[in-house]
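1. return atomic coordinates for the entry below.
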Amino acid sequence: MDSAPTLPTGPPQQQDQHCIPEADLTIRKLKRCRRTSQLTILSRPKLLIIDELGYLPFEANAAHLFFQLVSRRYEKGSILITSNRSVGEWGSVFGDPVVATAILDPLLHHSTVITIRGDSYRLREKRRSGLLQKAGAALEPNETANQ
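-> Now for the predicted structure:
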């Protein structure tokens with residue numbers, strides 16, 4: 001029986017992948033691109049993982065640099081992006097629907113989009129422990145306390 005593939009860990013130069021834990025780090029790294037070769041470094045790995053894209057909006061120059069990164073990697077390296085935003089909302093993430101379309105075009109060309117609906121595992125655990133109620137659930141008084 002085959003086991004599920006695992007992503008290698010370790011320095012990207014050794015494992016040929018690079019993981020950016022939060023998209024905010026990408027924004028900060030891209031802002032430094034003019035002073036360093038960061039854009040070139042992020043263009044090299046076979047797999048670039050960008051987590052939580054859209055959690056924070058991109059500034060205009062960062063959105064343009066992100067477009068450059070996507071363009072450099074197009075058909076040369078894979079990009080895995082996680083986001084709590086649908087692609088239809090990316091115009092607000094990048095501050096410009098035209099820039100968002102320019103970024104999405106090469107990203108979606110050879111991609112597989114996986115939509116996961118429901119609670120995150122963190123919220124699910126909080127709900128199980130009773131620390132959080134389900135979204136939209138009305139608070140109802142305890143019926144036994146009223147009797």
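2. could you look up the SS state of E52?
-> strand (DSSP: H, G, I helix; E, B strand; the rest coil).
3. could you measure it against V98, distance?
-> 23 Å (CB to CB, to the nearest Å). For glycine as for every other residue, the C-beta is placed from the backbone atoms N, C-alpha and C.
4. K126 now?
-> 39 Å.
5. okay, the two: which has more neighbours?
-> Set K126 next to V98 and count neighbours by other CB atoms under 10 Å: K126 wins out with 14 against 9.
6. excluding chain neighbours, what is closest to the more buried one?
-> L132 (4.1 Å; CB to CB, 6 or more residues apart in numbering).
7. what average pLDDT does stretch 76-84 get?
-> The average pLDDT within stretch 76-84 is 91.
8. show me what the helix or strand encompassing L39 is packed up against.
-> Element membership for L39 (DSSP states H and E) is helix 38-43. Helix 38-43 sits against helix 23-31, helix 60-73, with contacts defined as 3 or more CB pairs under 8 Å, 6 or more residues apart in numbering; DSSP states H and E.
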